[in-house]
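In: fold the following, please.
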Amino acid sequence: MIHKYTNDLINETSPYLLQHAHNPIHWKAWNSNTLELAKKENKLIIISVGYAACHWCHVMEHESFENEDVAIVMNSNFINIKIDREERPDIDQVYMNAVQLMTGSGGWPMNVVALPDGRPVWGGTYFKKEQWVNALNQISDLYKKNPDKLYEYATKLAKGIKAMDLIKPNTNEPKFDTTFLKEIIADWSVYFDTNKGGIGKEPKFMMPNNYQFLLRYGYQKQDKKILDFVNTTLTKMAYGGIYDQIGGGFSRYSVDDKWHVPHFEKMLYDNAQLVSLYAEAFALTKNELYENVVIETLEFIKRELTGTNGIFYSSLDADSLTEDNVLEEGAYYVWKKEELQTLLKDDFKLFSTYYNVNNYGYWEHKNYVLIRDKNDLKFTNQENITLEKLKEKKKRWKSILLKEREKRNLPRLDDKTLTSWNALMLKGYVDAYRVLQDENYLDCAIKNAEFILNNQLKEDGSLYHNYKNGASSINGFLEDYATTIDAFLALYQVTSTIKWLDNAKALTDYCFDTFFDTESQLFFFTSNQDKKLIVQTIEYRDNVIPASNSIMANCLYMLSHFYNNNYYLKTSKNMLNNIKPEIHQYGSAFSNWMSLMLNFTEPFYEVAITGDKANIKVKDLNKEYLPNKIVACSERNNNLPLLHNRYVENKTLIYVCVNNTCKLPVINTNEAINQLKTN
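Out: Predicted structure coming up:
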């Protein structure tokens, strides 16, 4: 039952919505009752979108949504809807496209005014109180006096929103070559910061998938410049304040160009993908720094973002309470010099040199954000101590400071569980296990995968998107399917457990039945089982998380090899071909598509391992950085196309195949690795 004149968010489970449950605004959740109420009362709708860890969302709440005068304006003239963008990425995307069309940029909080039918007419991101009230009064006045003007604008804007995600089939024959990729990278590299790492100037976002692709491209094309840039970036990020030097894990982005002062919220999806990235980079370089980042970040995930049943929570807030009980950004993470001196005593001088408790590491209000500026070997030579001694000291420093920090008020936790983000973290654990061979990582991965199967997978083969307080809710979006398929494919390749591969295929087939658009040969973000929004979007641009369509296209490519399925391969190729004309715009927005293009332009290997020692051999193989391969493995006879008729009793054989042609099987893992490294 909907309450006409109350704040209804108290009935929701989203931590973000519950944060707003006591505002004087008559907030309502997005549902059919709310939308019908707007039409019935012929009222404009305010659609306000944010997420629990968003600093500027909290600022606008405090300035405007907690204010009685603002509430009078909003409650009198509008139906007010509050949305958690992480729960409803479909709604967020539609209205974000509108805001980007109207203003040229986007972000959160996002605030949109829409007609009673949901079509947007005005919007933006953060507004100061006066701006917000003035704009609302003007729009409300215009709606009363000249509504036709708003309806006319809404019609034009809706056409623009539809055009944003319109992909026309590419009638040219699919043709992919490395020259195309080289040209894209040449244009893209103009923005590379080769000294401090990252793309462009401040603020700097980490964009893990960009570096996954560039690492792979640099490796496969033996491009030292690209590899140097990737290593510079990964090193500087690991040295910076964006990486929690005491507790592990990464914040959202840095506000400066040296990765020093972060926007302090910690998101599951960032850390999940960065674990995968640093694991891959360690596999290639054997750089101990990268290994430590993986280990410490997973310690953070286990300590602060993991539930008892193997689920992963969404985020930690940027803000936390100070000793004076005031919410302040970064309060949990920063240090004052006097505090460090008291805690570290005689070690303070060495610590302050290592972590730059000086002008280089100073932030504001006598606070320091710890940041490194040199590698351990250089530091030990400079300070005349051994590497072993430095490691001991770092371990002790981190233990002391972490223990002290835990006495502070913890940042607020968003404890909802999202299938897509859990799948990313599941894959992070798989990648960490594959490279570092820590069985605990595999246990965490399997536990989470079982949670998805047992709780998020419905009897009809579809997925839920959300899980909170023991209940699953919200139909899954394409991102949930794509990331879960990808994670299950990765899990199969380290466990040889066929159910992960079978479930990946079943989810893929469900996507063809309910998400696929035959015209564009891409997948809609929402299924045909869901109520339509004002437009049906197709997500194809890679962002901080790769586009759900680019993940699907990569998964289809892999599945086509596992199952010898030409339809999957053809669809993957068509998807890439239809996106190809868009890729010229900017490499950063299509890096996962370009990774798929490498599959079509460079050798891509199928590795089949059969025999009683198959699982031992696959472990050795998996430690190597070999991004252009899939692995199928079985200790006994198996009918999977890749393994069929390849089992020989009392022998463990490794088959390396490319383009439907297999080399002679070998018994030694190193021989197989050499075959995989020979183009």
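In: how's the chain carved up into domains?
Out: 9-164, 178-319+414-601, 333-407, 605-676 (automatic domain parsing).
In: and among these, the most buried is which?
Out: Compared across the domains of the chain, domain 178-319+414-601 shows the largest average neighbour count, a mean of 21 (mean count of other CB atoms under 10 Å). Backbone N, C-alpha and C define where each C-beta goes, glycine included.
In: quick one: mean pLDDT for that one?
Out: The pLDDT scores in domain 178-319+414-601 average 96.
In: now the end-to-end length of it.
Out: Taking CA to CA, to the nearest Å, the first and last residues of domain 178-319+414-601 lie 6 Å apart.
In: repeat that for stretch 433-447.
Out: Note: stretch 433-447 ends 14 Å apart using CA to CA.
In: try stretch 179-198
Out: 24 Å.
In: try stretch 646-655
Out: First-to-last distance for stretch 646-655 - CA to CA - comes to 9 Å.
In: with stretch 137-151 instead?
Out: Start-to-end, stretch 137-151 (CA to CA) is 18 Å.
In: ok, stretch 249-268 next?
Out: Start-to-end span of stretch 249-268 (CA to CA) is 9 Å.
In: minimum distance to Leu327: which of the domains of the chain has it?
Out: In terms of CB to CB, the element of these nearest to Leu327 is domain 178-319+414-601, at 4.5 Å.
In: what sits against Asn172?
Out: Contacts for Asn172 (CB atoms under 8 Å, 6 or more residues apart in numbering) come out as Asn577.
In: phi, psi of it?
Out: Dihedral pair for Asn172: phi -70, psi 150, per degrees, to the nearest 10.
In: same thing with the one 10 residues further on?
Out: Note on Lys182: its backbone torsions stand at phi -60, psi -40 [degrees, to the nearest 10].
In: so what's it up against?
Out: Contacts of Lys182 by CB under 8 Å, 6+ apart: none found.
In: helices of the stretch 451-600 of the chain, residue ranges please.
Out: 478-495, 498-514, 548-563, 566-583, 591-601 (DSSP state H, counting those that start in this stretch).
In: the last one packs against which elements?
Out: Contacts of helix 591-601 with other secondary structure elements, assessed using 3 or more CB pairs under 8 Å, 6 or more residues apart in numbering; DSSP states H and E, are made with helix 178-188, helix 208-220, helix 548-563, helix 566-583.
In: can I get these in TSV including distance to Leu596?
Out: Below are those laid out as TSV (distance: least, CB to CB, whole Å):
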stretch	distance to Leu596
helix 178-188	11
helix 208-220	10
helix 548-563	5
helix 566-583	6
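In: quick one, which of those is nearest to Tyr126?
Out: helix 208-220 (26.3 Å).
In: ok and the closest one relative to helix 178-188, angle-wise?
Out: 130 degrees (axes from the mean of the first three to the mean of the last three CA atoms, to 10 degrees).
In: helix 208-220: how far from the chain's middle?
Out: Remark: helix 208-220 is offset 16 Å from the chain centroid, using CA atoms, centre = their mean, to the nearest Å.
In: so what does the very next helix or strand once past it touch, helix or strand wise?
Out: As assigned by DSSP states H and E, the chain's next helix or strand after helix 208-220 is helix 224-239. For helix 224-239, the elements it packs on are helix 208-220, helix 268-285, helix 288-304, judged by 3+ CB pairs under 8 Å, 6+ apart.
In: the helices and strands packed on helix 591-601: which one's closest to Phe78?
Out: The nearest among the helices and strands packed on helix 591-601, by CB to CB, is helix 548-563 at 32.2 Å.
In: now the angle from the closest one to helix 478-495?
Out: 40 degrees.
In: from the middle of its chain, how far away would helix 548-563 be?
Out: 18 Å.
In: send the alpha carbons of that helix over as CSV?
Out: Provided in CSV are the C-alpha atoms of helix 548-563 (Å, rounded to 0.1, in the frame of the first residue of the first chain):
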residue,chain,number,x,y,z
SER,A,548,27.7,-5.9,-20.4
ASN,A,549,27.7,-6.5,-24.2
SER,A,550,31.4,-6.6,-24.4
ILE,A,551,31.6,-9.1,-21.6
MET,A,552,28.9,-11.2,-23.3
ALA,A,553,30.8,-11.0,-26.7
ASN,A,554,34.0,-12.2,-25.0
CYS,A,555,32.1,-15.0,-23.2
LEU,A,556,30.4,-16.2,-26.4
TYR,A,557,33.8,-16.4,-28.1
MET,A,558,35.1,-18.6,-25.3
LEU,A,559,32.0,-20.7,-25.2
SER,A,560,32.2,-21.2,-28.9
HIS,A,561,35.5,-22.9,-28.4
PHE,A,562,34.4,-25.0,-25.4
TYR,A,563,31.3,-26.3,-27.2
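In: kindly reformat the domains of the chain as TSV containing distance to Val326.
Out: Shown next, in TSV, are the domains of the chain (distance: least, CB to CB, whole Å):
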stretch	distance to Val326
domain 9-164	11
domain 178-319+414-601	10
domain 333-407	12
domain 605-676	47
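In: can you tell me which of the ones you listed is nearest to Thr171?
Out: Judged by CB to CB, the one of those that comes nearest to Thr171 is domain 178-319+414-601, at 9.5 Å.
In: distance check, the residue nearest to Lys266 when sequence neighbours are not counted against Phe525.
Out: Nearest non-adjacent residue to Lys266, counting by CB to CB, 6 or more residues apart in numbering: Leu316, 4.4 Å away. Counting by CB to CB, to the nearest Å, the separation of Leu316 from Phe525 is 27 Å.
In: what of Lys617?
Out: Lys617 is 40 Å from Phe525, by CB to CB.
In: now do Pro116
Out: Distance from Pro116 to Phe525, by CB to CB: 24 Å.
In: just Asn577 next, same as before
Out: For Asn577, the distance to Phe525 - CB to CB - is 21 Å.
In: helix or strand right after the helix or strand containing Ala38?
Out: In this assignment (DSSP H and E), Ala38 forms part of helix 32-41. Going down the chain from helix 32-41, the next helix or strand is strand 44-50, by DSSP H and E.
In: I'd like to know which elements that following strand is packed against.
Out: Using 3+ CB pairs under 8 Å, 6+ apart: strand 44-50 touches helix 32-41, strand 78-84, helix 89-103, strand 110-114, helix 129-145.
In: can you do 6 Å?
Out: Counting contacts by 3 or more CB pairs under 6 Å, 6 or more residues apart in numbering; DSSP states H and E, strand 44-50 packs against strand 78-84, strand 110-114.
In: all strands of the stretch 401-550 of the chain, in order?
Out: Using DSSP state E, counting those that start in this stretch, the strands assigned to the stretch 401-550 of the chain run over residues 413-414, 417-418, 464-468, 471-475, 516-517, 522-523.
In: residues contacting Tyr441?
Out: 429, 432-433 (CB atoms under 6 Å, 6 or more residues apart in numbering).
In: what about 7 Å?
Out: By CB atoms under 7 Å, 6 or more residues apart in numbering, the residues touching Tyr441 are 298, 429, 432-433.
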